[in-house]
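Undergrad: I'll drop the sequence and a predicted model, then ask my questions.
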Amino acid sequence: MQQKIKNIREKFLREVEETSTPQGIENLKIKYLGRKGEVTKLLKEIKNFSPAERAGIGKLINDLKKEITQSIQQRLESLSKEVKEKKGDITLPGTFSSLGHLHPLSQIINQIEEIFQRLNFRIVDGPEIEDEYHNFEALNIPLDHPSRDAFDTFYLKSKEQSAKGKEVGKRSERLLLRSQTSPVQIRVMEKEKPPLRIISAGKVYRPDATDASHASMFHQVEGFMVDEEVSFANLKGILSIFVKEMFGEDVQMRFRPHYFPFTEPSAEVDISCLLCKGKGCSACGNKGWIEILGAGMISPRVFERVGYDPDKVSGFAFGMGVERIAMLKFNIRDIRLFFENDIRFLQQF
Ligand SMILES: [Zn+2]
């Protein structure tokens, strides 16, 4: 009997050592201490012994029972502690990941669009892959214009071109990455009749070498209005509202004569330097003025392309670089910062 008790004890110690889950320990408890358990069976055997022997054997079995009970209790406690450490303390405050926010360029685009929406302009999107006709020809940019050169535009090979290894079709059907947002003017006017008040923001592409003020991809906002009797005064009125909303009430605006193929007359629009308020500083090249956009009255030749009668309708158009506006507004000196995805930079906006 003593050998039997010793065997059960050793078996239990081995099994409890090998068990690593609380459920396994519970099973051991039933196996040894349950109603049909090993220890219970031993206790039932006591009656087979003589009264003189019973006391000694009874004590051995009870010691075993006590040892097993304690061992199971300890093992359960240490296991539940391990589980808690693995899972962490659920009563501690949680860890929070930061939510992030819109990219500064998206913020500027939203702000510009919102100002023009309040002036009854409608947001329209245009394709980033354009054809030569919409990007140049319809905008009155002739074939020999320098901006149509392959050094100033990303041309794409069409499927047919790649297959045959040479150019096919008319030159104006060649595909390209749009170099400006102005083709949106053509796409809208081809489909719709005046009155139109459109604002369109998006990416444009030019094979410029990247430096502090150039990137091969950047963003533009195009705006135009077409109706009967739209005048240059309307252009000036709309832009002066925009400039004050965007840069502040005390900002001055001026128009300088300029040339664009798709507007006549054309102008470049400057605002008084935000840093020196027009006195002259290094940011504005001591001029006191900073160029922010190009604008003008839409050329009659553009209207003819889309089937409008230039004698009946008139309109203005303007275009601006989003990065340029953002750099002015946030006083950023290097355009590359917008595209490096450096959290330390982006977090500041
Ligand atoms: Zn200045």
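TA: Nice, I can see it. Numbering: from 1, shown residues only.
Undergrad: Doesn't residue 6 lie inside a helix?
TA: Yes. Judged by DSSP: H, G, I helix; E, B strand; the rest coil, residue 6 forms part of a helix.
Undergrad: Domain ranges for the protein, per the record?
TA: Domain assignment for the chain by automatic domain parsing gives 2-87, 104-346.
Undergrad: mean pLDDT lowest for which of those domains?
TA: Mean pLDDT per stretch puts domain 2-87 lowest among the domains of the chain, at a mean of 87.
Undergrad: Over to that domain now: how far is its first residue from its last?
TA: 44 Å (CA to CA, to the nearest Å).
Undergrad: ok so, going back, in TSV: the domains of the chain, plus distance to the ion and mean neighbour count.
TA: For the C-beta atoms, the positions are set from N, CA and C on the backbone; glycine is no exception. Compiled in TSV, those are given as follows (distance: least, CB to the ion, whole Å; neighbours: other CB atoms under 10 Å):
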stretch	distance to the ion	mean neighbour count
domain 2-87	59	14
domain 104-346	3	17
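Undergrad: Switch those over to TSV; also include distance to residue 96.
TA: Below are the domains of the chain laid out as TSV (distance: least, CB to CB, whole Å):
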stretch	distance to residue 96
domain 2-87	19
domain 104-346	16
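Undergrad: and the residue nearest to residue 11 when sequence neighbours are not counted, what is it in contact with?
TA: In this structure, residue 11 finds its nearest non-sequential neighbour in residue 38, 8.0 Å apart by CB to CB, 6 or more residues apart in numbering. Taking CB atoms under 8 Å, 6 or more residues apart in numbering, we find residue 38 in contact with 8, 11-12, 31-32.
Undergrad: Include secondary structure when you put those into JSON lines, please.
TA: Below are those laid out as JSON lines (three-state DSSP):
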{"residue": "8", "secondary structure": "helix"}
{"residue": "11", "secondary structure": "helix"}
{"residue": "12", "secondary structure": "helix"}
{"residue": "31", "secondary structure": "helix"}
{"residue": "32", "secondary structure": "helix"}
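Undergrad: From those residues, pick the one nearest residue 127.
TA: residue 31 (73.8 Å; CB to CB).
Undergrad: I'd say that closest one and residue 41 touch.
TA: No. If you go by CB atoms under 8 Å, residue 31 and residue 41 don't touch, sitting 11.0 Å apart.
Undergrad: element containing residue 60, please.
TA: helix 51-87 (DSSP states H and E).
Undergrad: where along the stretch 201-349 of the chain do the strands fall?
TA: Under the criterion DSSP state E, counting those that start in this stretch, the stretch 201-349 of the chain contains strands at 217-227, 253-260, 263-272, 289-298, 314-321.
Undergrad: does residue 16 count as helix, strand or coil?
TA: Reduced to three states by three-state DSSP, residue 16 is helix.
Undergrad: hang on, it packs against residue 75?
TA: Yes. Counting by CB under 8 Å, residue 16 does reach residue 75; the two are 5.8 Å apart.
Undergrad: list the residues that contact both of these two?
TA: residue 25.
Undergrad: what about the helices in the stretch 101-250 of the chain?
TA: 104-118, 132-135, 159-164, 183-191, 232-247 (DSSP state H, counting those that start in this stretch).
Undergrad: what's next to the shortest one, contact-wise?
TA: The one in question is helix 132-135. By CB under 8 Å, 6+ apart, the surrounding residues in contact with helix 132-135 are 141, 148, 153, 171-176, 178-180, 182-183, 186-187.
Undergrad: rerun at 10 Å
TA: 126-127, 138-139, 141, 143, 147-148, 153, 155, 170-180, 182-187, 190, 204, 305 (CB atoms under 10 Å, 6 or more residues apart in numbering).
Undergrad: thinking again about what came up before, nearest to residue 102 among the contacts of residue 38?
TA: residue 31 (62.7 Å).
Undergrad: Enumerate every residue touching that closest one.
TA: 11-12, 15, 37-39, 68.
Undergrad: Would you mind reformatting those (as TSV) and adding columns for distance to residue 133 while you're at it?
TA: Below are the contacts of residue 31 laid out as TSV (distance: CB to CB, whole Å):
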residue	distance to residue 133
11	90
12	89
15	84
37	91
38	92
39	94
68	90
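Undergrad: Which one of the residues you listed is nearest to residue 335?
TA: Relative to residue 335, and with distances defined as CB to CB, the nearest of the contacts of residue 31 is residue 15, at 70.6 Å.
Undergrad: Provide the secondary structure category for the nearest residue to that closest one once chain neighbours are set aside.
TA: Leaving aside its sequence neighbours, residue 15 sits nearest to residue 28 (CB to CB, 6+ apart; 5.9 Å). Following three-state DSSP, the label given to residue 28 is helix.
Undergrad: I'd like the distance between residue 28 and residue 7.
TA: As judged by CB to CB, to the nearest Å, residue 28 and residue 7 stand 16 Å apart.
Undergrad: Tell me what the residue nearest to residue 240 when sequence neighbours are not counted is bridged to.
TA: The spatially closest residue to residue 240, leaving aside those adjacent along the chain, is residue 253, at 5.6 Å (CB to CB, 6+ apart). When bridges are called by DSSP bridges, residue 253 pairs up with residue 271.
Undergrad: Hmm, residue 253 is touching residue 291, no?
TA: No. Taking contacts as CB atoms under 10 Å, residue 253 lies outside contact range of residue 291: 11.1 Å.
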